[in-house]
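Q: Predicted structure and sequence below. I'll ask about it afterward.
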Amino acid sequence: MNNDKEIFDFDVSKVQVMLLLDFDEESEKALQLAWNIAEELLDKENIWVEVIPIHTWIGEPLGIEYADLPKIIINGKTMFIGRAPTKEEFIEAILDRVNKGTFIKEEAFITAARIWDHGFLAAALVDAF
């Protein structure tokens with residue numbers, strides 16, 4: 001039993017990565033990259049990366065232009081706006097923010113929702129700041 005405790009008792013650093021995403025290819029690329037890097041850093045560097053994807057629905061066509069999505073926030077600091085970073089940039093940004101800053105528990109709030117038949121959510125407008 002003591003051996004089991006030693007196996008599961010290891011020290012990890014934690015980093016929170018929040019992705020504010022649109023429904024486009026650049027956002028999909030950023031999300032896929034975040035998941036891959038999270039797995040890689042846990043295996044190689046013993047860093048637990050908490051990935052929080054938030055897909056943002058913007059009701060106004062002009063609002064999409066001003067949103068500059070995707071936005072990538074690492075431990076409370078906005079690191080990338082309007083593009084998916086390269087793998088090297090993403091890893092460097094995560095390593096820079098390890099054990100720095102505070103975790104954001106609630107930053108996005110649903111401000112309005114449209115309900116379809118039988119209570120299924122059709123769309124939600126999200127305020128991120």
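A: Noted; the coordinates are in hand. What you see is a predicted model, and the numbers here were worked out from it, not measured in a lab. Numbering: from 1, shown residues only.

Q: and K71, what does it touch?
A: Applying CB atoms under 8 Å, 6 or more residues apart in numbering, we find K71 in contact with 19-20, 78, 80-82, 128. Bear in mind the C-beta positions are built from the backbone N, C-alpha and C, glycine included.

Q: neighbour-wise, which of these leads?
A: L20 (25 neighbours; other CB atoms under 10 Å).

Q: Please identify which helix or strand holds it.
A: Using DSSP states H and E, the element containing L20 is strand 13-21.

Q: Tell me the helices and strands packed up against the helix or strand following that strand.
A: For strand 13-21, the succeeding helix or strand toward the C-terminus, using DSSP H and E, is helix 25-45. Contacts defined by 3 or more CB pairs under 8 Å, 6 or more residues apart in numbering; DSSP states H and E place helix 25-45 against strand 13-21, strand 47-55, helix 87-97.

Q: thinking again about what came up before, relative to helix 87-97, how tilted is the strand holding L20?
A: 130 degrees (axes from the mean of the first three to the mean of the last three CA atoms, to 10 degrees).

Q: who touches strand 13-21?
A: Contact partners of strand 13-21, identified using CB under 8 Å, 6+ apart, comprise 27-28, 30-31, 34, 38, 41, 45-56, 69-76, 94, 97-99, 103-104, 107-108, 128.

Q: Show me which positions of it end up buried.
A: For strand 13-21, burial by neighbour count (16 or more other CB atoms under 10 Å) applies to 15-21.

Q: Average pLDDT for that strand, rounded please.
A: Averaging pLDDT along strand 13-21 gives 91.
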